[in-house]
Structure formats: C-alpha cells, structure tokens
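**Student:** model the following, please.
(4 chains)
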There are 4 protein chains.
Amino acid sequence: MIVEMKKGATPEDVDVVVQRAKSLGMSVQLNLGTDKTVVAILGSSTGQLPIDIFALLPGVDNVARIMKPYKLASREFKPEDSLVSINGIEVGGKRFVVMAGPCAVESEEQLMKAVAAVKESGACVVRGGAFKPRTSPFSFQGLEKAGLELLALARERFGIPVITEVVDPHDVTQISKYADILQVGARNMQNFALLTEIGKSKRPVVLKRGLSSTITEWLTAADYLLAEGNNQVILCERGIRTFEDSIRFSLDISSIPVIKKVSHLPIIVDPSHAAGHYSLVPAMAKAAVAAGADGLLIEVHPNPKEALVDGLQSLTPSDFARLMEELRPIAKSVGRYI
Amino acid sequence: MIVEMKKGATPEDVDVVVQRAKSLGMSVQLNLGTDKTVVAILGSSTGQLPIDIFALLPGVDNVARIMKPYKLASREFKPEDSLVSINGIEVGGKRFVVMAGPCAVESEEQLMKAVAAVKESGACVVRGGAFKPRTSPFSFQGLEKAGLELLALARERFGIPVITEVVDPHDVTQISKYADILQVGARNMQNFALLTEIGKSKRPVVLKRGLSSTITEWLTAADYLLAEGNNQVILCERGIRTFEDSIRFSLDISSIPVIKKVSHLPIIVDPSHAAGHYSLVPAMAKAAVAAGADGLLIEVHPNPKEALVDGLQSLTPSDFARLMEELRPIAKSVGRYI
Amino acid sequence: MIVEMKKGATPEDVDVVVQRAKSLGMSVQLNLGTDKTVVAILGSSTGQLPIDIFALLPGVDNVARIMKPYKLASREFKPEDSLVSINGIEVGGKRFVVMAGPCAVESEEQLMKAVAAVKESGACVVRGGAFKPRTSPFSFQGLEKAGLELLALARERFGIPVITEVVDPHDVTQISKYADILQVGARNMQNFALLTEIGKSKRPVVLKRGLSSTITEWLTAADYLLAEGNNQVILCERGIRTFEDSIRFSLDISSIPVIKKVSHLPIIVDPSHAAGHYSLVPAMAKAAVAAGADGLLIEVHPNPKEALVDGLQSLTPSDFARLMEELRPIAKSVGRYI
Amino acid sequence: MIVEMKKGATPEDVDVVVQRAKSLGMSVQLNLGTDKTVVAILGSSTGQLPIDIFALLPGVDNVARIMKPYKLASREFKPEDSLVSINGIEVGGKRFVVMAGPCAVESEEQLMKAVAAVKESGACVVRGGAFKPRTSPFSFQGLEKAGLELLALARERFGIPVITEVVDPHDVTQISKYADILQVGARNMQNFALLTEIGKSKRPVVLKRGLSSTITEWLTAADYLLAEGNNQVILCERGIRTFEDSIRFSLDISSIPVIKKVSHLPIIVDPSHAAGHYSLVPAMAKAAVAAGADGLLIEVHPNPKEALVDGLQSLTPSDFARLMEELRPIAKSVGRYI
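**Tutor:** Next up, the predicted model:
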C-alpha cells in the first residue's frame, strides 16, 4: 500500500502513518521526495486491509493499493492452471468444453429434444434453468422442482452432466442432488450468502461475471467460494453493461487473456446472453475459442419461436450443429479439441 | 409493441404476425408504408409480453416496446404520490427525512454515540449495518445477531426508528423484529428471492438502486415488492458505475426528477456510498435536496479513523451537524422542511 | 511513480529500473519488501513521464502513477481560485453566472426574442450556436457567418456578452471578432489542434467535458489551453455517457466538488444537453447551484416547438423566468447571488 | 417514427400531430388503442427528422424512431459488401489485411527497421504516426512534416502502402501526398470539419470508432465521408470506454458481426490501443480474425523499451512474426487468407 502525504505534511503526520502500519504488523519504507513524502507499507496481507485506515490520518493525500484484494483466486497464490473435473470431463485442459441447452426447462419433450440434439453435435454438458431469476415478477419463473426432475431424467437417459442455476442459499443442498454443476447467475455474483453456501457444498460451480463487475471484483467473489474449500470454480464471462445498445451486453473478450494472466481458474464464455440475438452468437463463440477460453455455455432450443424465455438468443439444433463444425478448426488452431 | 417488417416481407409474413398477436388477445393495426410495413400491437399487457415472440417470426426486422415492463411502480398505475409511514414519520411528504448513522454497528459505545449525535442534529431515522455484504470474504462481515440487538437497544433508548440491511431471504422474519425499515442493498436489487420475502413481510423497505441498473430495471424490481402487497417501498439512489474514477460511483442526480415523473414512489439519496470520501458528501447531499429528493441516507461515525468499514466516507458528528444546518435553507427553498 | 517488481525479480532487474530513473533525473527510493521489491520514483515531473518507460523493463510487474498528468490546471500548481472576467462579469466569484439562449441561431427575430427574454430574467451572457456540429450530415448545420453577425447584433443591441462554439481551428480569429467567449464542444474536448489555437487567442473559453472523459483527462485538456498562456478557462460539466437511457447523458454532479478540490478553475453546468428534455432541466439546474457550481449554461427558445435544433430540451422564456426565481434562494443558501 | 399519445389526449391533439406529419410530406397511420392512441409516421426520410418536432406537441407522451439516422453507410442503402482498394490490395474481400508499424515515426532507423520486419512477416500496409494527438500538451507530439517524409521514403523503398493520421482539416491535402490511407483517430470521430475535408479528398480512409460512440453514431459519422462522395471508407474498432480497468479500453468484439449485419463497409480491428499491453494483443487479434473482421491494425516497434509513445502496447518484430503465423490457420478456418 502506498500512502502519499500532502505537500506540507509534518514529520509528526508521517510518524502517525508509520506507527499505524507497524501496529498492524506491516513493515514500512519511507521516501522523502522533493515534492512530497511517500510511505510504502509492505506485507503479505495488505490486499485485505481497508485503505480508509490510512486515508483519514492527518496530512495524508492519497492511498493506493499495490496488492489486489483477491488472494486465493490469484495466480500468485497458485501458479499452475486449475482443472475442474465433471464426471471425468476436465474444464481447463486441452479439451474445449461446450455446455448447451435451453435457457429454461419447459417440458419433458422440449428438454429431451434439446439434449439429444446438443449431445449429438458434441456438447458434453447440458444446461437448463429450473429456477429463473426474471427481471419482472410477471414473467415465467421456471418449473422449479419439476424442472430439476426433468434435468435429472435427461442426465440419466443421455449420460450427460447437468448444470443449473441456484438463486436461494437454502436450495443448494436440494439442487446438488439433481445437478453436477451449480451456476451462480450474473445478478447474484455478489450474493455472498449464496456464495458461502455453494462454497461449503464443494460442488463444481460456474460463477458468472456480474454485469457491472470488474475482473478484480469477480475474482474477489471467487475467493468466497475458495475460502470455504471449494476449488471446483469455473468463471464465466457473459458480457458487461456498457452504453452500446445494439446488443444486450458487451462481451468483454479481453477478460479471457486477463484472467489467464492473473488467475489460475478456468474461464468459459456465454455468448448467448451477451448477444441477445441468435444471429450474433456464432461470431462471438468463434472469437471466444480463438481468444483462449476453456469452453462455451450456449443456449439451444428445439423451437426458439415457441420458447418461454429468451427465444431470440437461442440457436436451433441445426444452427448449433453447424456452429460446432465451424468451431473445431479454430479450436485446433489454438491447440485445443472439441 | 411495434413490429417493423423487413423490406420485401410478404403479405403472408405480415399475416403470421397479426394472427400471433390476436391469439394472445391483443388488438392490431397495420401500417402499409412506402418502404416497409409496420404492425402496431396494442393492449394493456403488452409491457409484460417478451418481444422474442414476434422478433423470431419470418420477415420481421425489429420489435420495439412502447409499454414499460414495470406496472405497479408506475405513475400511470397510481397517479398520486405514495407516502411511506415509519412510526408516524412520513417519507414522501413535506418533511425531508434524514436517516443517518454508522455503516456498520461495531460496539454499543460506538452506536450509542452515533445515535445520540445524529438525533441531536435532526436525523429522524438511524441506520446501522448488522449483516454486511463485503466484497472480500476476508473483510469484517458485521456483528450479525449482536448487531441487531444493539440496534434494538438504540431504538428503545432514543425512541428513533431503525433501518438495517437484509442479505438472506430467510432472515427477513427475524430482522423485522429488530428493525423498522428493511434495506435491500445495491448488489441485491435483483435478488428476487430476497425481494419476494420482503414483499410478503409488508415491512417498510428501502430498495437501493443496483450499481448498473437502469431506472426501468429498478422500478421493475420494485414491482416484485409491490406485487406481494407491500406498498411501503422507498427507492434509494446511491450512484451508478461509470468510467469516472475520482469517486466510487457516479451519483445519478437526474434519477430524482425522472423517478418523480414516471413513478409514485418516494426516493431518497445515499451520497456517502456514491462519493466514497467524506469531503464530497456535503455537496452531493445539498444537490439531492435541491433536485427534489424526499430524504437522505448518510453515514456518520463518532470516530471515522477507527471505523471497521467505510470510515473514509463517514462524516464526523460535528461535520454532520454543520451539514444539517446548511441543508435547512435549501430544503426551504424547494418547499420542504427538515 | 511506483514500480512494483515481480516476485523473483533479480537484483539486476531492480538495478536496471533504478538506473533508468536516475538517467531521467529522478530520485529513487527502494523498498525491499518480504513479498516483492517496490521502487518509488520521485521528482516534480513524474506526472508527465509515460509509464511504459518502466513497465517494459525485465522483472517489472506493474507501474502506478502518483502524480496526475495535468499540471497547470491543478490546485497544487495554483492554490487560489481563478476568476475569469467577461466584460466585467466575473465567473468563479460570489456572483452565480447564468448564460442562456437558443441552441442554434435561426433568425434575427428568434435570436432577439430569446435575448430580450433571458436578459430580463437575469441571464448575464447570451449563448447561441452559429456553427453546429451535428451527428448527421443531413441535419441543419447552423447559419455560420450570418449567425455570427446576428450574435454581434444582439450583443450590441442588448449590451450583453456572447458565447458561441468554434469547431475548426482556422475559424478562431474570425469568431473572436464576434464573440466574447469561445466554446469548445464536448466532442472536441480532445481536438488538440483546436485547443492550441484557442490557447493562443487568449480569449475566455468554456471547455465542455468530453462525453466519456474522466476528470483527469478534462483537466489535462485544459492544460493545452493554459500551456499557450490562456488563463481564461471555464470548465463546463454537461453529462457523461453511461448505460442509463432515460436521459441523454448522466449529469455528473460529483464533478463539481471534485473539480473544486483538485483544480483552481471555475466550473459551470449545462443541464440542457445532459437532460435532453425540458421537464428535467429545472431539477438539475437547482442541483448544480446547491452543489457549488459557478454558473449555468441553459437553452432557451422563444418557441421550442419550432426550433430547428434540440427544441425538446429548450425552456420557454416563461419557464426560464420561473426557474431563475427558484434558483435565487438556493444560490443564497450557498453564499452566492444571481 | 412512432408517436405515442398520452392517456387522455384529445382528438384535437392527435390531429395536430397528423397535420404536422403531413405538412412534412410524411404519410400517417392511426392506431386507436384501448389504452392510448399511437400515430405511425412513415416515409423514407424519417430517420433524418428530429424527434423533437413531434415530442413537444400537446398530448404527446413519447416519440420513438424506427429508421436509423444513418443512411449511406447502411446495408439497406447498399446491400452488397463494399471493397476498398489500396494500390491493388482489397480490404473487405477474401484477403485478411494486416496493417502494422510503430505508433509514432521516431527516426529513419526506427521506421525502416519496423517496416522491413512487418513486411517480411506478411503485413501489407505500414502504419506510422507523424501528427500525434496526445492527451497531455507536455508529451511528444510527433515529427510532423519530417515524419511524413520518412513515411514516403519507406513507401518507396519497400513498395508498401502507408496509413497515417490527420488531425487538422487543413492538413488533408498535404498529407494525401505522402499517405495512401488517411486515418481519423477515435477522439476525432465526430470532428465534422475534419470528416468533411477527408470526404472531399476521396482518399481511402480508416474511421476509428469514438471511445464512447455507439455503432449508430459511428455509422452516422461515416455518412459525413460518404455524403461527400468518398466511398473508400474502412471502419476500425479500437475498444470502447467502460468501467473495466484491467485494460485501456474494452474491445467490443460484437461490433464486428453487428457492422456486418447493418452496414456494407469493411471493418478492421486495432487490438493494440484497446489492450494497452503487448501481452494481451495476440488473444485479441485472434478473436478479431475468428469473429469475421476484415483486417487488423497492430503496433510493432523494433525496440518497444525505447519507444517514445505507447511502447507498452507494441509488439516486437519477433512477437509479431509469431502472431502472424498463429493467425493464418484461424483465418483459413473462417474462409480467409493472410
């Protein structure tokens, strides 16, 4: 932590900063510059100290962090890539993992058709929402328990792992019986009560990026999962909120190389929620593969025109099959296979 | 809802749109323009229809809403201003309501000092966090149950209502015993499980704006509370996430006149979390009064230098007393009193 | 400037950083922390050094600035407030200065009606665009030379100073003959060729904030004017681009106290372009006065329904007169007069 | 254009809207809904009409556009892809065009080394800045005329076309003598005086996206060039300003499929300015190829550590050579060659 003193700060002001740092077990180095004095506060836990502790002391002009606030998710903490294993499928390795399926489970027929189609095209995890967090209370909220049972049925019938979203911390145990991977939605990225429960469950989890969360905040939220001993964490970039209005959210493609640089966790991409329109999904999916993502989360519906939720961003089974064929050579170009 | 057909759309394409709309009980008007055909779909519930239903039909170019997705929070639904009554104090009327207190309850001494000071200066509700949703799992998370009991003690000793945050839907009943107003934090604005429980509790609630939520999304979240029959809803502007980095969040001062125009709900402003620095709080508080807000939510700490949370943005009791004096003539200028 | 070395950086790596800094005339302090070494580079001109000079050296992890890149606009450079004098009217002092008039000069009748009205209500500068930078080439581009002549006529007839926008660096000399204050529009805030010419002219200038410019970039742009010896610089906050779509631009009310803290330059506010709708202008104008702005720039049109440009955000003369009456007590509350 | 009347608007109010539209040569269709009346105003030029003309009429609640404000850049206006030819190299066809070179021309040695290297690796246009628009007036501003002459020398010696930036409308003619492609920088995207001059020059031009410009505004700016008869327009995505602070600008990868959908103009990508750090450039370059861009604009410097401008984001010649090899199979995967 770097504490910059004001011009005109007294030696006593500087000493107060130094003593405060020492009382917290930190070591200190002083820089008596020509214009202003700068105090560097050093120690392995300065990333977790609130800056306010120093910013309010007399004579202090500004305080800047050097250490990031996240710790367990950082590559400094764990230099080698983490692999998350789902029934033998490894996320974060050479295999590029495609998870696909409908936004919401609507009926047995709809779900089985979707699963059959995405499995045939090469998806190795099926997605489907049973509890849907909807913007408006008047929208369809999901089949809930009945949806979970249909997912379990699909898992059994097709021998494919299932991912579904959890929205209430008290549902974690129940949903873990039906699903192989728990999903934390973008709007719940900082629902810390939920993160703590999922952390305790030790279940593989996909943590979607909050729609206005910085990468630093995202990794700090991952620390909530990791701090409970759950190492099975997959990050999911799904677009951030910007001023651009031609798409729903701006897919932050640069988050892929940034995450690879600063964290050991695998990262997948959801192009469907970012785009908001099926016609834009293929280009964004290809970009994600080329940029080094470890997988995709794509919405596929047997009949998007009749979908109860997000039909406009869903691919048809035939569009999805074509996209998978187009992704394979790109994956190969970057040293992966699908 | 306005469905714009592509150039070259056939009469059959148009007919499919028309029949779909009629099957949903909507009425339809056709505009056969020189360049393109436009179909207007009319009816009182088009705001709740997903646009995807039409956007995916053949020959359709674009679909735009006319009706807003929120309903119960709209001024069209309820033209007169709503008043929320807290132990006889009305929010939304002539009285400008100042809620103040520490970010987190830290100890009996700290809380009692803060409450004594803010009450003396004219605050009529005391704030204090017992459950703190923190960005990092390694930060202080609040005193929890013990914090609630201290709040109840302060309420009794000083005869002042209390507001505190709820972060888990299953805590609503318990916290309602200790607090007069429940607070939904910015990061939980779209935690629909939480909103539904608070809606059922019928308790007065302050709904903070999500840090990247549009006003439309904010009012649609308020609909979750209102739909459960809870009419005691107060909105709270607390700054939005933008690119500007000199403050923590950009206080969206225009949300005040916009909310007054489109909604009947009262709106208060939290300048402390927006500013992130005590020196900026007074200017932003004054702006809020002048712009027509119904109240303020301000952080005050007896000794900000020692605060465990957000000390940098907290006012001292004497700064708060001075600010209250400065706010009174501005309130009077806009026809209010403090 | 703080250079943070990677874990595992060698003493040789550190030495290269130190030598590079010394070769640039900077002084250096080393912090040999437990986790990593940090090099503090000190000197009065580090704010102007590109960080890349150090960031690319071997073993360097990250480089952070302490000094701001702007210099002449900073309060550290000039602690006392600057006053800008326009024909005896001081901007930045006790008088709150209201500049008002139509977005574009359309005709003699329109301009004279507008000037008569705004002067009567207490505006002390008249605004009017002759060269209009329009988003689309098919929109009305202003009366250009004829517009300037009408402005000069209004100035003479009503004895009121005139502000108008310059869009081409080669027009500065000509426009200076007709106008008392030159305006740099938001889209030209970083048109450095234009800033340099206006700097040379020594004319009072209003520098609008770029619609996605940070306060730091805004003040660094002001340095272009100040570096040419033009001290007559007034900043104008006019809203920034955010995701919120209920208004045109989000008025950044916090820029007022931030500018007052870090710069000596006066700051006025344009609520009309931010709001984009006349009904929101009064609330935002009042907020600006209360927050400590030094003036306002408001669009007034004798007949907004017939305006060629931005009629929707223009006040009528009677709305403007009412607003001016409402602003006076607020100005008084913050120690100013109109 | 869709004019939505307020609940309770009178038949007279509606008639005023209808007469106004007819007086402008538009045709009108009325929708007398159960809740509110909606007036559809149709005609091929409604995209250029300001909405204020109707929004201010009595009884009007809201006005929404259907037509986009841009016209000449739209795919509706010209359905087939545009190709821009630079000395026989076509941008927008099967060949994926890489433009590379230093941010700023610094010396003959630096430029010639850079050009030799990028040509050898397969770049077919060389970039180099002679006039540098710098954020601070105290930064290096480019070699200006001498820089242009060095670019012309490189062009002659290596037989490779040159792209360079223009910042002043009065320099267009001079710079056109030295450069094959003119570049409009992001901060000048809405410098309409500059766009008009470049439009008149009929020179091939790269129009960078403004750092907070929507795609609609970008294409409307392109209309300024096209309206002067210059059809040689190449768009360049270079990242937009968002809240994310791990990179300089967020590369909007979705702009590529969106532009391909709504416009006929070719689009290239500048990953260097978006990333701000060389280590992130390869991932973003690969993503751009996969997403369907027509080319890249990449910064390469023979010795980034000594670069006067933007060294941190420049690739070394060997990094660039490796990247080009990595891009080829991805280009092939999407049906292109480099």
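**Student:** for stretch A:140-153, which positions count as buried?
**Tutor:** Buried residues in stretch A:140-153, counted by 16 or more other C-beta atoms under 10 Å in any protein chain shown: A:141, A:142, A:143, A:147, A:148, A:150, A:151, A:153. C-beta coordinates here come from the backbone N, C-alpha and C atoms, glycine included.
**Student:** any bit of the one helix or strand the fifth one maps to sitting next to chain B?
**Tutor:** Meaning residue A:148. Using DSSP states H and E, residue A:148 falls within helix A:145-158. No - using C-beta under 8 Å from any C-beta of the partner chain, helix A:145-158 stays clear of chain B, with a minimum separation of 14.9 Å.
**Student:** quick one: mean pLDDT for that helix?
**Tutor:** Per-region confidence: helix A:145-158 scores 95 on mean pLDDT.
**Student:** so which elements touch it?
**Tutor:** helix A:108-121, strand A:125-127, strand A:162-165, helix A:172-178 (3 or more C-beta pairs under 8 Å, 6 or more residues apart in numbering or on different chains; DSSP states H and E).
**Student:** without its sequence neighbours, what residue ends up closest to residue A:175?
**Tutor:** Distance criterion C-beta to C-beta, 6 or more residues apart in numbering or on different chains; nearest residue to residue A:175, sequence neighbours excluded, is residue A:166 at 5.2 Å.
**Student:** and that neighbour, what does it touch?
**Tutor:** A:131, A:172, A:175, A:182, A:183, A:184, A:194, A:198 (C-beta atoms under 8 Å, 6 or more residues apart in numbering or on different chains).
**Student:** got a winner among those residues for most neighbours?
**Tutor:** residue A:198 (28 neighbours; other C-beta atoms under 10 Å in any protein chain shown).
**Student:** tell me who's in contact with the nearest residue to residue A:298 once chain neighbours are set aside.
**Tutor:** Nearest non-adjacent residue to residue A:298, counting by C-beta to C-beta, 6+ apart: residue A:100, 4.6 Å away. Residue A:100 sits next to A:118, A:121, A:123, A:125, A:126, A:127, A:296, A:297, A:298, A:299, A:300, A:320 when contact means C-beta under 8 Å, 6+ apart.
**Student:** is the residue nearest to residue A:1 when sequence neighbours are not counted in a bridge, and if so with what?
**Tutor:** With sequence-adjacent residues excluded and distances taken as C-beta to C-beta, 6+ apart, residue A:1 is closest to residue A:41, at 4.3 Å. Beta-bridge pairing of residue A:41 under DSSP bridges involves residue A:28.
**Student:** look up how far residue D:203 lies from residue A:253.
**Tutor:** Noted for residue A:253: a distance of 31 Å to residue D:203, by C-beta to C-beta, to the nearest Å.
**Student:** quick one: mean pLDDT for stretch A:169-186?
**Tutor:** Mean predicted lDDT for stretch A:169-186 stands at 95.
**Student:** can you give me the end-to-end span of that stretch?
**Tutor:** 15 Å (C-alpha to C-alpha, to the nearest Å).
**Student:** tell me which residues in it are buried?
**Tutor:** Using 16+ other C-beta under 10 Å as the test for burial, stretch A:169-186 gives A:169, A:171-172, A:175-176, A:178-186.
**Student:** circling back to that earlier point, part of a helix, is the residue nearest to residue A:298?
**Tutor:** No - counting by DSSP: H, G, I helix; E, B strand; the rest coil, residue A:100 is not part of a helix but strand.
**Student:** check contacts around residue A:84.
**Tutor:** Applying C-beta under 8 Å, 6+ apart, the residues contacting residue A:84 are A:90, A:91, A:92, A:204, A:232, A:233, A:234, A:266.
**Student:** leaving out chain neighbours, which residue sits closest to residue A:31?
**Tutor:** Leaving aside its sequence neighbours, residue A:31 sits nearest to residue C:29 (C-beta to C-beta, 6+ apart; 3.8 Å).
**Student:** residues near the one you found, how many?
**Tutor:** Neighbourhood size, residue C:29 [other C-beta under 10 Å]: 17.
**Student:** distance of it from residue C:51?
**Tutor:** From residue C:29 to residue C:51 the distance is 18 Å (C-beta to C-beta).
**Student:** over to residue A:309?
**Tutor:** Applying C-beta to C-beta to residue A:309 and residue C:51 gives a distance of 46 Å.
**Student:** go on, residue A:74?
**Tutor:** For residue A:74 relative to residue C:51 (C-beta to C-beta), the value is 22 Å.
**Student:** likewise for residue A:288?
**Tutor:** For residue A:288, the distance to residue C:51 - C-beta to C-beta - is 30 Å.
**Student:** more neighbours: which of the two?
**Tutor:** residue A:288 (30 against 17).
**Student:** residue A:281 - that's part of a helix, no?
**Tutor:** Yes - counting by three-state DSSP, residue A:281 is part of a helix.
**Student:** before we move on, back to that, residue A:253 and residue D:203 - which one has more neighbours?
**Tutor:** Remark: of residue A:253 and residue D:203, residue A:253 carries more neighbours, 31 against 19, as counted by other C-beta under 10 Å.
**Student:** for that one, give me its contacts.
**Tutor:** Per C-beta under 8 Å, 6+ apart, neighbours of residue A:253: A:287, A:288, A:291, D:251, D:253, D:283, D:284, D:287.
**Student:** most widely separated two among the residues you listed?
**Tutor:** A:288 and D:251 (12.7 Å; C-beta to C-beta).
**Student:** what's the overlap in contacts for the two?
**Tutor:** Residues touching both residue A:288 and residue D:251 (C-beta under 8 Å, 6+ apart): A:253, D:287.
**Student:** still on that earlier bit, of the buried residues of stretch A:169-186, which is the nearest to chain D?
**Tutor:** Nearest to chain D, judged by C-beta to the nearest C-beta, of these is residue A:186 at 14.5 Å.
**Student:** show me what contacts the closest one?
**Tutor:** Per C-beta under 8 Å, 6+ apart, neighbours of residue A:186: A:208, A:209, A:210, A:211, A:238, A:273.
**Student:** and those residues, which are buried?
**Tutor:** A:208, A:209, A:210, A:211, A:238, A:273.
**Student:** surely residue A:85 is within a strand?
**Tutor:** Yes - counting by three-state DSSP, residue A:85 is part of a strand.
**Student:** mind listing what's buried along the lowest-mean-pLDDT helix or strand in chain A?
**Tutor:** Every helix and strand in chain A was compared by mean pLDDT, DSSP states H and E; the lowest is strand A:27-32, with a mean of 75. By neighbour count on 16+ other C-beta under 10 Å, the buried set for strand A:27-32 is A:28, A:29, A:30, A:31.
**Student:** how much space is there between the second one and chain B?
**Tutor:** Residue A:29 sits 23 Å away from chain B, going by C-beta to the nearest C-beta, to the nearest Å.
**Student:** so that residue touches residue C:37, yeah?
**Tutor:** No - the pair residue A:29 and residue C:37 fails to qualify as a contact (C-beta atoms under 8 Å) at a distance of 10.1 Å.
**Student:** mutual contacts of those two, please.
**Tutor:** With C-beta under 8 Å, 6+ apart as the test, residue A:29 and residue C:37 both reach C:30, C:31.
**Student:** for the stretch 1-150 of chain A, which residues score under the pLDDT cut-off?
**Tutor:** Applying pLDDT under 70 to the stretch 1-150 of chain A flags the ranges A:32-35, A:43-48, A:66.
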